[in-house]
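Novice: Give me coordinates for this.
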Amino acid sequence: MTAKNSLSMRALLISCILAFAISGCGKTDKTATQAAAKAADPMIVEVSEEMASQFKVEEVQMANISLKQKVVGKIEANEQRTTRTGASVTGRITQVLAEVGDRVKAGQELARLASPELTNAQLAYLRAVSSSKLAERSVERAQQLVLADVIGGAELQRREVELSISRAELRAAADQLRLIGLSQAAIERLRENGALSSEVAITATRAGVVVERKVSQGQVAQPGDPLFTIADLSNVWVVGALPEKDANSVKLNQNVEVDVAALGNTKLSGKIVFISDTVHPETRTVAIRTAVANPNFVLKPQMLATLMLNGTYVKQLAVPASAVVRDNDREYVFVQTGDHQFKLTEVQLDAAAGELRPVRKGLDEGTRIVVDGTFHLNSQRKRAELE
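Specialist: Presented below is the predicted three-dimensional model:
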C-alpha cells in the first residue's frame, strides 16, 4: 500500500470515529435533557408498578348534573299551627299572666278580664236555672192532678213542653258562660251556691309558644281583638322568593335542603308546601314555603336561612369529588400521562352536585384521571419534590 493510500485510509477512519462520537454525544444530551425536564416539573410523579395498581383510574365523562339554586329566605311560624286568642266579651284586663317567649299548654290562663257582660250572663243563667226548677215542679204537680182526675192530659202536655223549653234555655245560658270563658267548675258553683265570678280567664286554645302579645293590664279589650298569638314551633316554615324565570323548576312536595347560618354546618331537610300562583310585581319573584320539622326548637322565627333547590338536569363534563386535590386554594386532578406516570393538573370546577364536581375548564372528555387514592399520590409527589 502506498503512503498516499495509507494516509487516506487513516483520514477516513478518523472521520468515522468523530462522526460516531458526535452522534453518541447527541443522543446522550437528548436523554439527559429529557430527564432534566422531567425532574424539573414538580407536577409530574412516577410510581412503581406495584404502587400504580393501588390507584383507580377512569376516563372523564359527561354526566347528568342537577342544577342547584340558592334562595335566600327566613324562618317563620307555621300559620297552620298558629292561633290568635282574644276576649269573648268586652271588658278590662285585670291581669296579664303570659309573656312573649313563654311556652304554654292548652287551657292555660293567659290573662284575666272583668266584664259587665259576664255578670249579666251569670244572672241570665241563674234565671234559667230557676225557671227550669219551677217547670219541673209544675210537671210533677200536673202528673199528680191527672192521676186525681182534676186536670186533663192536655194540660200535662203543655207543662211538659214548658219544661223542655226551660231546659233548652238553661243549656243555652250555660253554653254562653263557657263561650265567655267561665270554667265548668265555676258554672257548677254558680248553679249550686249562686256565687258570681267577678273575672273570667282568657285561656290558650292550643299548646305552643307565645310569639306575640298585644295587651296590657288595664286595657279595654273587645271581642275579636287578637290579644295573644300562640304558635306550635315544632314545625316551621322557611319562606323564600324564587325568580319568576325559575318558577316552573320546582314543584309541591319536592325535597329541599335548608342551610341556617345560626346553626353552623347543620343541614336540614324539608318539603315545599306552597308555590304562589302570582308574581310579585316589584321584585318579579314567586313566593315559596318549605315546611321543616323543628322538634328541638332550634329554629326560631326571623332566623335567616338558605334554600338549596334542585332544578333541571343538564349534561355536563364532571369528575368524582374524590378525584379532586385542593392545594393553596386551587383545585387539581391527577392526569395519567404514562403507564406509571401522573401529572397534577389544575382545573376549574363548579360546586358539588351530589358526589360529582362539574368541570368548567381544564379537562376534556376521555382524559384518564385518578379517581381514588389522590391523597396518597399527592403525598408521593411532594416527597419526590423534596428529595
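
Novice: Identify all contacting residues around stretch 136-155.
Specialist: Residues outside stretch 136-155 that contact it (CB atoms under 8 Å, 6 or more residues apart in numbering): Leu156, Arg159, Glu160, Glu162, Leu163. Where you see a C-beta, it was placed from the backbone N, CA and C, and this is true even at glycine.

Novice: Now pLDDT and distance to Arg127 too, for those, in JSON lines please.
Specialist: Shown next, in JSON lines, are those (pLDDT from 0 to 100; distance: CB to CB, whole Å):
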{"residue": "Leu156", "pLDDT": "85", "distance to Arg127": "25"}
{"residue": "Arg159", "pLDDT": "87", "distance to Arg127": "19"}
{"residue": "Glu160", "pLDDT": "89", "distance to Arg127": "21"}
{"residue": "Glu162", "pLDDT": "89", "distance to Arg127": "15"}
{"residue": "Leu163", "pLDDT": "89", "distance to Arg127": "16"}
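
Novice: could you flag which of those residues are buried?
Specialist: Leu156, Arg159, Leu163 (16 or more other CB atoms under 10 Å).

Novice: can you list those residues in a markdown table and add secondary structure and distance to Gln108?
Specialist: Output for those, formatted as a markdown table (DSSP: H, G, I helix; E, B strand; the rest coil; distance: CB to CB, whole Å):
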| residue | secondary structure | distance to Gln108 |
| --- | --- | --- |
| Leu156 | helix | 49 |
| Arg159 | helix | 45 |
| Leu163 | helix | 39 |
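
Novice: Dump the residues you listed to a markdown table, plus distance to Val236.
Specialist: Formatted as a markdown table, the buried ones among the contacts of stretch 136-155 follow (distance: CB to CB, whole Å):
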| residue | distance to Val236 |
| --- | --- |
| Leu156 | 64 |
| Arg159 | 60 |
| Leu163 | 54 |
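
Novice: one step back: which of the contacts of stretch 136-155 lies closest to Phe228?
Specialist: Nearest to Phe228 among these: Leu163, at 42.0 Å, using CB to CB.

Novice: With adjacent residues omitted, what lies nearest to that closest one?
Specialist: Among residues not flanking Leu163 along the chain, Ala135 sits closest, at 4.0 Å (CB to CB, 6 or more residues apart in numbering).

Novice: Surely the one you found is in a strand?
Specialist: No. Counting by DSSP: H, G, I helix; E, B strand; the rest coil, Ala135 is not part of a strand but helix.

Novice: hang on, it packs against Val161?
Specialist: No. Ala135 is beyond contact range of Val161, at 9.4 Å (criterion: CB atoms under 8 Å).
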